[in-house]
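> Quick check, what structure comes out for this input:
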Amino acid sequence: MTTPSSENHVVAELRGRVGCITLNRPQALNALSLGMIRSITQVLLDWRDDHHVLAVVVRGMSKAGPFGAFCAGGDIRFFHQAALNGNPELEDFFTEEYALNHLIHTYAKPYIALMDGIVMGGGMGISQGASLRIVTERSKMAMPETGIGLFPDVGGGYFLSRCAGRLGEYLALTGLVLDGRAAMAVGFADGFIDSGRLAGLWNSLAQTPFENGASVERWCASHLSTSTLPVPWPVLEVNRVFGLNNVPQIMEALAATDSEWAHATLANLHKRSPLMLHVVLEQIRRARGMGLAEDLRMERNMVRRCFQLRPGSASETVEGIRALAVDKDHQPRWNPARVEDVTPDLVAPFFESPWPAHAHPLRAIG
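Numbers count the residues shown, from 1 in each chain. From the prediction side, this is the model:
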């Protein structure tokens with residue numbers, strides 16, 4: 001069974017009793033469109049209620065063929081265009097994407113993510129809720145949203161805030177890219193496989209007689225290494241610096257620390273949106289006390305504010321996307337331009353819901 005979908009950007013097929021999803025938009029590194037989100041959601045709902053389907057496995061397609069890229073995130077060019085044109089599908093995109101993230105986290109059958117290649121933003125959203133998260137030597141994982149005037153959404157507040165110590169703040173503010181072994185060390189992946197073995201594992205799904213979903217998961221896990229390496233950053237320094245009260249204090253501490261790590265981290269933060277650095281620090285700390293559904297509702301409020309507090313080209317997010325992906329001048333004009341100029345009055349509205357609880361677009365989850 002192959003299910004046609006949004007321009008065949010999502011290919012769903014049964015291999016034996018395993019539901020297999022291939023993200024098939026390689027020219028965009030499988031960035032998620034609204035059509036793709038709807039296709040994945042419908043397939044998962046159909047398979048959830050189909051007793052023949054024991055488990056789900058998801059992979060990405062690269063320009064070279066299967067694997068090599070998982071998902072680079074949401075379609076930020078669409079965000080930019082939709083925000084400038086007042087396209088209501090921008091609202092639908094985030095509501096349906098976050099509902100899909102929740103569906104994956106709470107899915108009743110094993111959901112196995114083969115996270116080979118780039119896994120960023122929305123790609124983390126469709127993989128972090130997996131019951132088995134598999135990486136390779138080619139995996140590149142990150143939540144880099146502060147670089148486009150956004151915040152780590154798709155449940156990022158939930159899974160980043162669960163990292164050890166102050167690692168969540170560090171990864172959220174910097175957007176640091178993790179390789180496969182580092183992703184395992186911080187808790188974003190469960191096992192490692194050489195990328196050259198992925199095709200064999202995928203093909204074996206159709207040929208292996210599985211009794212139930214748990215046996216599919218055990219079979220996949222049996223191919224993995226679970227050994228980790230030390231992380232490439234100073235853990236004690238991360239906890240000391242990123243545990244400070246606010247962004248100016250964090251940057252002052254980095255400036256006062258004479259190490260290669262501190263210099264590189266400070267240079268990274270200077271490229272990010274000052275406003276969103278403040279917003280994201282607040283997001284991660286609030287999310288520590290939230291369940292998944294509550295966090296996703298908060299993020300849905302926040303993303304509405306990102307595009308509506310300052311509409312159109314005045315949006316920090318629209319400006320960030322312009323600089324990175326549209327004009328590609330890599331010179332975003334952040335407003336305010338300095339972290340010292342961000343006041344509590346600028347941050348607070350991001351955490352005020354535009355909707356009463358009974359009318360929230362994600363009221364049905366959780």
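
> helices and strands around the longest strand along the chain, which ones?
Identified as the longest strand of the chain according to DSSP state E is strand 55-62. Secondary-structure packing of strand 55-62 (3 or more CB pairs under 8 Å, 6 or more residues apart in numbering; DSSP states H and E): strand 18-23, strand 111-115, helix 198-207, helix 213-221. Just so you know, the C-beta spots here come from the backbone N, C-alpha and C atoms, and that holds for glycine as well.

> Quick one, which of the ones you listed gets closest to P232.
strand 111-115 (19.0 Å; CB to CB).

> That closest one pairs with which strands, and in what direction?
Partners of strand 111-115 in the sheet, by DSSP bridges, are strand 55-62 (parallel), strand 132-135 (parallel).

> Alpha carbons of that strand, as PDB, please.
C-alpha atoms of strand 111-115 as PDB (Å, rounded to 0.1, in the frame of the first residue of the first chain):
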ATOM      1  CA  TYR A 111       7.100   5.000  16.500                       C
ATOM      2  CA  ILE A 112      10.700   4.700  15.400                       C
ATOM      3  CA  ALA A 113      12.600   7.600  14.000                       C
ATOM      4  CA  LEU A 114      15.700   7.000  11.700                       C
ATOM      5  CA  MET A 115      17.300  10.400  12.200                       C
END
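
> mean confidence for that strand?
On average, the pLDDT along strand 111-115 is 98.

> so it versus strand 18-23, what angle?
40 degrees (axes from the mean of the first three to the mean of the last three CA atoms, to 10 degrees).

> Now find how far off-centre the helix or strand that strand 111-115 is followed by is within its chain.
Next helix or strand after strand 111-115 toward the C-terminus (DSSP states H and E): strand 118-120. On the basis of CA atoms, centre = their mean, to the nearest Å, strand 118-120 sits 8 Å off its chain's mean C-alpha point.

> Just list what strand 118-120 packs against, helices and strands only.
Here strand 118-120 touches strand 140-142, going by 3+ CB pairs under 8 Å, 6+ apart.

> Just the pLDDT at the closest residue to M143 other than its chain neighbours, thanks.
Distance criterion CB to CB, 6 or more residues apart in numbering; nearest residue to M143, sequence neighbours excluded, is P152 at 3.7 Å. P152 carries a pLDDT score of 98 in this model.

> same check, this time on E97
pLDDT, read off for E97, is 98.

> got a list of what P234 touches?
S259, W261 (CB atoms under 8 Å, 6 or more residues apart in numbering).

> Quick check, pLDDT for it.
97.

> can you give me phi and psi for it?
When quoted as degrees, to the nearest 10, the phi and psi of P234 stand at phi -80, psi 110.

> so what's the nearest residue to L178 once chain neighbours are set aside bridging to?
Leaving out its chain neighbours, the residue that sits closest to L178 by CB to CB, 6+ apart is M141, at 4.6 Å. Beta-bridge pairing for M141 (DSSP bridges): V119, L178.

> how many other residues sit next to M141?
27 (other CB atoms under 10 Å).

> quick one on the thing from earlier: want to throw the helices and strands packed on strand 55-62 into TSV with mean neighbour count and distance to D327?
What follows is those, written out as TSV (neighbours: other CB atoms under 10 Å; distance: least, CB to CB, whole Å):
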stretch	mean neighbour count	distance to D327
strand 18-23	24	27
strand 111-115	28	31
helix 198-207	15	37
helix 213-221	18	43
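
> can I get the ones you listed in CSV with distance to L324?
Listed next are the helices and strands packed on strand 55-62 as CSV, based on distance: least, CB to CB, whole Å:
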stretch, distance to L324
strand 18-23, 22
strand 111-115, 23
helix 198-207, 30
helix 213-221, 35
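
> So for stretch 100-110, what gets flagged as buried?
For stretch 100-110, burial by neighbour count (16 or more other CB atoms under 10 Å) applies to L100, N101, H102, L103, I104, H105, Y107, K109, P110.

> ok, and what's touching the longest strand of the chain?
17-26, 30, 44, 47, 66-71, 107, 109-114, 116-117, 126-127, 130, 198, 202, 205, 210, 213, 216-217, 220.

> returning to what we had before: return the member of the buried residues of stretch 100-110 nearest to A359.
Nearest to A359 among the buried residues of stretch 100-110, with distances taken as CB to CB, is H102, at 18.1 Å.
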